[in-house]
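Chemist: Got a predicted model here, sequence first, then my questions.
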Amino acid sequence: MKFKAPKWLSVAPVAAALVISLAACGGGSSEPSGTATDALAGSDQKSLDSFTTADVTPLDKIDKSKLGLITDGTLRVGTLSDAPPNIFIDPSGKFTGYDNELLRAIGDKLGLKVEFASTDFSALLSQVGNKQFDVGSSSISTTDARRKTVGFTNGYDFGYMAVVTKSDSKITGFGDIKEGARIGVVQGTVQDDYMTNTLKIEPVRFPDYNTVYGNVKNGQIDAWVAPSQQAEGQVKDGDNTKIAEKVVNTQNFTAYAVNKDNQPLIDALNSGLDAVIADGTWAKLTAEWYKDRPTAAEQTPQGWKPGSKAVQLPAK
């Protein structure tokens, strides 16, 4: 997938060099140019229901020999290394975060080993599509455009979008994002699509979350339109930055990506997901990794819930 060439002259030299480096990145795999997705729109429950399965295959009926795995008995997972609290590498060198720990729990239910490898988000979906990875784990929003490249499990999360700025910035939220502002995004994300196709503003694209946030801190860009989970993982006391605004986005749930022709693996992961929802693991991990979601009310906003239509969260 190709993006329009950036407006070089509107970008500060350091940021421009970073954008130049993106031209050499692996093929993007997200929203095609010209396909608008209003990432700030409210939840369309009817649309979400059309992609959510009615129920799942019982775990004891899953045939692990038919999952089409690269290595029998092992889920090979492409993920990111720099996006806490969802997907990152901890100081000990372990791939961790909400998405990855949830996937480990799902793997345990299926009796599968889970192995992670780091990649760039701009390349992840195409790598899943061509079977370099069995699964993509990266807080992936399930847009219609992405469904042309990969298949998805049922949803396990929703998200917020956020605007991150310097503490003294005149940009106070989404309403202040105008043509001429230097707005950073991570290449290939829903935020990239929102800037390019909904707002019709060419953003400054970066390969990862650490780099785009660093350019907010040093003033090379005016703001970063971010998944709010990653924004909260980056913004720290003493950075002279802030989350200026965040808006709930349940229009497209978050799910794991799988080769779209591998329905047995999608079905198996859905079974494992329902199992960790039913036994309370999903709620426990959600509260652990999202400090602002301690109870079911915060974990299931606007009628959204994880997993299949049949699974129920355990009663408290």
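Modeler: That came through, no problem.
Chemist: Next up, the contacts around the residue most central in space within the chain.
Modeler: When Cα atoms, centre = their mean is applied to the chain, the residue found nearest the centroid is Ser139 (2.4 Å). By Cβ atoms under 8 Å, 6 or more residues apart in numbering, the contact set of Ser139 is Ala83, Asn86, Ile87, Asp99, Asp157, Gly159, Pro227, Gln229, Gln230, Thr254. C-beta coordinates here come from the backbone N, C-alpha and C atoms, glycine included.
Chemist: now do 6 Å
Modeler: By Cβ atoms under 6 Å, 6 or more residues apart in numbering, the residues touching Ser139 are Asn86, Asp99, Thr254.
Chemist: give me the element the second one is part of.
Modeler: Yep, that's Asp99 we're talking about. helix 98-110 (DSSP states H and E).
Chemist: How far away from the center of its chain is the helix or strand following that helix?
Modeler: Toward the C-terminus, helix 98-110 is succeeded by strand 113-118 as the next helix or strand (DSSP H and E). Computed by Cα atoms, centre = their mean, to the nearest Å, the separation of strand 113-118 from the middle of its chain amounts to 17 Å.
Chemist: still on that earlier bit, list the buried residues for the helix holding Asp99?
Modeler: Residues Tyr98, Asp99, Asn100, Glu101, Leu102, Leu103, Arg104, Ala105, Ile106, Gly107, Lys109, Leu110 are the ones in helix 98-110 that count as buried (16 or more other Cβ atoms under 10 Å).
Chemist: residues touching the third one, list them.
Modeler: Listed by Cβ under 6 Å, 6+ apart, the contact partners of Asn100 are Ile87, Ser137.
Chemist: And it, how far from Gly129?
Modeler: Distance of Asn100 to Gly129, computed by Cβ to Cβ, to the nearest Å: 20 Å.
Chemist: try the last one
Modeler: Applying Cβ to Cβ, one obtains 22 Å for the distance of Leu110 from Gly129.
Chemist: Kindly report the same for the fifth one.
Modeler: When distance is defined by Cβ to Cβ, Leu102 is 22 Å away from Gly129.
Chemist: Kindly report the same for Gly233.
Modeler: 27 Å.
Chemist: Then Lys94?
Modeler: Where Gly129 is concerned, Lys94 sits at a distance of 27 Å (Cβ to Cβ).
Chemist: Which strands or helices does the longest strand anywhere in the chain pack on?
Modeler: In the chain, with assignment by DSSP state E, the single longest strand is strand 241-258. Judged by 3 or more Cβ pairs under 6 Å, 6 or more residues apart in numbering; DSSP states H and E, strand 241-258 is in contact with strand 135-141, strand 151-152, strand 157-166, helix 263-278.
Chemist: Look at Lys94 and Gly129 and report which has more neighbours.
Modeler: Gly129 (22 against 11; other Cβ atoms under 10 Å).
Chemist: show me the contacts for the more buried one.
Modeler: Applying Cβ under 6 Å, 6+ apart, the residues near Gly129 are Thr149, Val150.
Chemist: let's have the chain start at 320 instead
Modeler: New numbering, starting at 320: the last item is Gly448.
Chemist: Just the local confidence number for it, please.
Modeler: On pLDDT, Gly448 comes in at 97.
Chemist: do the one 3 residues further on as well
Modeler: Predicted confidence (pLDDT) at Gln451: the value is 97.
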